[in-house]
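Q: pasting the sequence and the predicted coordinates here, then a few questions.
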Amino acid sequence: MDATETRGLASRRVVPRLIALGIVAIVVVLLWQWLESVNRQEALEQLVAAGADVTDFAGQKSSVSLPKTADKAVAMPLLANLPDLWFFEVRKPDFNDQDLTFLNPLKKLELLALPDTQVTGEGFAGFANHTQLYLVNVSGCPLSAKGLKQLSVIPSLDYLNAGRTNLTAKHLQAMQELKVRLLSVVEAHVDRVELQNLLKAGQIQEVDLTDTNLSMKEIDDLRAAVPQVKIHAMSSHPKALRQTANPDHSLPAQLPADDNAQP
């Protein structure tokens, strides 16, 4: 048998093996997708059983809200089976930075609402790969300067709601590392001098100062000092903020309409 015949024989043996491997690979992928679908559906059902409010958008994406009565210990680990989770809200006062680690793998998260929880912000250390997360609500939380600085790891963060908090000079200095475009500090106590320095830094384009400790004269002085920033106060919420914040400044007022959404 010459070299040509040897190569031909080898080729005839290799091709069927490659085809077989390809078929096996396809079967494995289909099986994996089926298992993911089963795990996802079971997780949604178990979340509901744990007291969570769940919305499934035709199997393509999901949203989860944990009210005060939900069982956090049961619900949080189940989120790992929802890689398509895009909106997460929690209303449990005992939710803290450690609980945020359950959200680290959920890279499709876009909206995160954690009002009136124990989050300081330091738990966002694992959010560097959240490239779709553009809106975070930590209003009423005991934010630390270090925690606010930690929020800078989120590359896509565009809107931050830090209302109803005490924002000292150190807090506002830490905010200079953020790349947010829209900032809400409704009902917060803010350091006027450092707020002006923050707005002069140039990243923030709109800020809502409704019901802060600043007088209208101080707000007018800010408008004169940083004319490039749209400063809103009283009831003059900017359209961009109204679209993503309901009257109590939580997120969002409602989920986008979807004819295929299942409760």
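A: Sure, I can see it. Numbers count the residues shown, from 1 in each chain.

Q: quick one: the strands in the chain?
A: Counting by DSSP state E, one finds strands in the chain at the ranges 53-57, 61-66, 85-90, 111-113, 135-137, 159-161, 166-167, 182-184, 189-190, 206-208, 230-232, 261-262.

Q: could you dump these into a markdown table and include mean pLDDT?
A: A markdown table is the format used below for these (pLDDT from 0 to 100):
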| stretch | mean pLDDT |
| --- | --- |
| strand 53-57 | 92 |
| strand 61-66 | 95 |
| strand 85-90 | 97 |
| strand 111-113 | 98 |
| strand 135-137 | 98 |
| strand 159-161 | 98 |
| strand 166-167 | 96 |
| strand 182-184 | 97 |
| strand 189-190 | 96 |
| strand 206-208 | 97 |
| strand 230-232 | 96 |
| strand 261-262 | 41 |
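
Q: and the ones you listed as a markdown table, adding mean neighbour count and distance to Lys146?
A: Quick note: C-beta positions are derived from backbone N, CA and C, even for glycine. Listed next are those as a markdown table, based on neighbours: other CB atoms under 10 Å; distance: least, CB to CB, whole Å:
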| stretch | mean neighbour count | distance to Lys146 |
| --- | --- | --- |
| strand 53-57 | 17 | 32 |
| strand 61-66 | 22 | 25 |
| strand 85-90 | 22 | 21 |
| strand 111-113 | 23 | 19 |
| strand 135-137 | 24 | 16 |
| strand 159-161 | 25 | 16 |
| strand 166-167 | 18 | 14 |
| strand 182-184 | 24 | 19 |
| strand 189-190 | 18 | 18 |
| strand 206-208 | 23 | 22 |
| strand 230-232 | 18 | 27 |
| strand 261-262 | 14 | 39 |
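
Q: adding distance to Glu218, write those strands out as JSON lines.
A: Conversion of the strands of the chain to JSON lines gives the following (distance: least, CB to CB, whole Å):
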{"stretch": "strand 53-57", "distance to Glu218": "40"}
{"stretch": "strand 61-66", "distance to Glu218": "37"}
{"stretch": "strand 85-90", "distance to Glu218": "33"}
{"stretch": "strand 111-113", "distance to Glu218": "29"}
{"stretch": "strand 135-137", "distance to Glu218": "25"}
{"stretch": "strand 159-161", "distance to Glu218": "21"}
{"stretch": "strand 166-167", "distance to Glu218": "14"}
{"stretch": "strand 182-184", "distance to Glu218": "17"}
{"stretch": "strand 189-190", "distance to Glu218": "10"}
{"stretch": "strand 206-208", "distance to Glu218": "13"}
{"stretch": "strand 230-232", "distance to Glu218": "11"}
{"stretch": "strand 261-262", "distance to Glu218": "45"}
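
Q: what pLDDT does the closest residue in space to Ala43 that isn't next to it in sequence get?
A: Leaving aside its sequence neighbours, Ala43 sits nearest to Asn81 (CB to CB, 6 or more residues apart in numbering; 3.6 Å). pLDDT for Asn81: 92.
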